[in-house]
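Student: okay, here's the prediction I keep looking at, along with the sequence it came from:
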Amino acid sequence: MPHCITSLVVLTALTIMPAATAHPHDDPSPTDFATQLSDSFRVAAEHIKPSVVRIGTAKVLHNSTTQPQRRGYPFVEGTGSGLIISADGHITTNYHVIEHADLIIVTLADGRQFEATTTGVDEQSDLAVIQIDAGDLTPATFAHSTGAHIGQWVLAVGCPFGLSHSYSAGIISATGRSNLGLSQFEHLVQTDAAINPGNSGGPLINLQGHVLAINTAIKTTTGTGAGVGFAIPIDMVRRVSGSLITHGTARRGFLGVSLQDRDPSVRSTLGPEASLCRIRWVNPEMPAHAAGLQAGDIIEAVNDRAIRSTADLMHAIAVLPPGEMCQITYQRDGVTKIASAQLAVRPERQRP
């Protein structure tokens, strides 16, 4: 709501003080605020546009006795979105956008088209990096890893239904969404900005045009957006994409514990911010054991990141590189303690 300033006429026994002269912009109207917001959307859209690409994929249909060829065989075609993350042509997108593709064609904002090669994929986070051989590229700028906040205005950008460079506005509805069955690592940003088929792999941006997350899924009963979309937070995107570029695989930190959430009813006595993340078992050959953690410990924080659930801990460890030292705040028998752990390399299909 606009802040209204009321002019007061002060009466004294000797004089009447004149009211201040009103100025048109002393009391901003709702239209002024709407115009400012519209301008913010426009600036953000212009900032991100050169970094967003359309991704077209094709899979060759062929029988088992004939070698596939790109010409002379029918194709199954798909479309999605991607984000330029480096000047040398690396583009991040969703794994499911390019999964099983025999041909990947990238269309830039200026209309240029290039065939892409796959740098690496990570099914567990639903992320992939592809690369094109092109010049004059504009990499996206990233928001701070903790930059997504509930109620924050955002734009979802991509190619819904093949419509290149489409923008939809909304807010962040929630953060840290998990247990959705979308991927192994779920700590997703939820938004009511319209996300539809073809938006996958495109960015979710703030009003500065900086990337907060990568659009990945919608919750729907009709196959189209219903105001509940999900995006992978930027700290996970940056960590996985960087590892895929450097190593060809997603290398993650690893504690070596099995986890179990406590009953949420404990928060009725311990407070709404109490952690539910409890260690069920510790691998005796892994960093958690070396750091002194034990079964039954309640994990409350990793470095400066608060932990409230097992999903929080999985995300916090997964975005740290192997070999890094981290500070783990935990509670044992009602006493808060801190342990230092040097993370190992996470084996495939393991927990933290």
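Tutor: Ah, there it is. Numbering: from 1, shown residues only.
Student: residue boundaries of the helices in this protein?
Tutor: For the chain, helices defined by DSSP state H occupy the ranges 30-48, 95-98, 234-247, 267-270, 287-290, 310-318.
Student: so what's residue 84 up against?
Tutor: 50-53, 90-91, 137-140 (Cβ atoms under 8 Å, 6 or more residues apart in numbering). C-betas here are computed from N, CA, C, even on glycine.
Student: let's have these in a markdown table, adding distance to residue 336.
Tutor: Listed next are the contacts of residue 84 as a markdown table, based on distance: Cβ to Cβ, whole Å:
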| residue | distance to residue 336 |
| --- | --- |
| 50 | 48 |
| 51 | 43 |
| 52 | 45 |
| 53 | 47 |
| 90 | 42 |
| 91 | 44 |
| 137 | 48 |
| 138 | 47 |
| 139 | 42 |
| 140 | 40 |
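Student: restricted to strands, list those.
Tutor: Applying DSSP state E to the contacts of residue 84, the entries found in strands are 52-53, 90-91.
Student: and those, which is closest to residue 210?
Tutor: Of all those, residue 52 has the smallest distance to residue 210: 13.2 Å, by Cβ to Cβ.
Student: give me the number of residues near the closest one?
Tutor: Residue 52: 28 surrounding residues under other Cβ atoms under 10 Å.
Student: for it, list each beta-bridge partner.
Tutor: residue 83 (DSSP bridges).
Student: touching, it and residue 201? I think so.
Tutor: No - applying Cβ atoms under 8 Å, one finds residue 52 not in contact with residue 201, separated by 9.4 Å.
Student: who touches both of these two?
Tutor: Common neighbours of residue 52 and residue 201, counting by Cβ under 8 Å, 6+ apart, are 81-83, 158.
Student: if you count contacts, what does the lengthiest strand in the chain end up packed against?
Tutor: If you go by DSSP E, the chain has its longest strand at strand 166-177. Where contact means 3 or more Cβ pairs under 8 Å, 6 or more residues apart in numbering; DSSP states H and E, strand 166-177 is packed against helix 30-48, strand 153-158, strand 188-191, helix 310-318.
Student: how about the ones you listed in a markdown table, adding mean pLDDT, mean neighbour count and distance to residue 333?
Tutor: Below are the helices and strands packed on strand 166-177 laid out as a markdown table (pLDDT from 0 to 100; neighbours: other Cβ atoms under 10 Å; distance: least, Cβ to Cβ, whole Å):
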| stretch | mean pLDDT | mean neighbour count | distance to residue 333 |
| --- | --- | --- | --- |
| helix 30-48 | 90 | 14 | 50 |
| strand 153-158 | 96 | 25 | 43 |
| strand 188-191 | 93 | 26 | 34 |
| helix 310-318 | 91 | 24 | 20 |
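Student: and the closest residue to residue 53 other than its chain neighbours, what is it in contact with?
Tutor: The shortest distance from residue 53 to any non-neighbouring residue, by Cβ to Cβ, 6 or more residues apart in numbering, is to residue 82 (4.6 Å). Residue 82 is in contact with 52-55, 91-93, 97, 106, 130, 201-202, counting by Cβ under 8 Å, 6+ apart.
Student: likewise for residue 227?
Tutor: Listed by Cβ under 8 Å, 6+ apart, the contact partners of residue 227 are 170, 192, 194.
Student: which one among those gets closest to residue 257?
Tutor: Proximity of the contacts of residue 227 to residue 257 (Cβ to Cβ) peaks at residue 192, which lies at 35.4 Å.
Student: I figured the closest one hits residue 230, correct?
Tutor: No - Residue 192 is beyond contact range of residue 230, at 11.2 Å (criterion: Cβ under 8 Å).
Student: these two: who's more crowded?
Tutor: The residue with more neighbours, out of residue 192 and residue 230, is residue 230; 22 against 19, by other Cβ under 10 Å.
Student: distance of the more buried one relative to residue 247?
Tutor: To residue 247, residue 230 is 27 Å away according to Cβ to Cβ, to the nearest Å.
Student: quick check: closest non-adjacent residue to the residue nearest the centre of the chain.
Tutor: In the chain, the residue lying closest to the centroid (Cα atoms, centre = their mean) is residue 233, at 2.0 Å. Distance criterion Cβ to Cβ, 6+ apart; nearest residue to residue 233, sequence neighbours excluded, is residue 213 at 5.1 Å.
Student: quick one: pLDDT of that neighbour?
Tutor: Here, the pLDDT recorded for residue 213 equals 96.
Student: pretty sure it sits against residue 204.
Tutor: Yes - look at residue 213 against residue 204 with Cβ under 8 Å: they come within range, at 4.4 Å.
Student: overlap of the contact sets of those two?
Tutor: What both residue 213 and residue 204 touch, as defined by Cβ under 8 Å, 6+ apart, is the set 189, 231.
Student: so between these two, which is more surrounded?
Tutor: The neighbour count for residue 213 versus residue 204, taken as other Cβ under 10 Å, is higher for residue 204 (30 against 27).
Student: for the more buried one, give me its contacts.
Tutor: Taking Cβ under 8 Å, 6+ apart, one finds 154-157, 189, 191, 193, 211-215, 231 in contact with residue 204.
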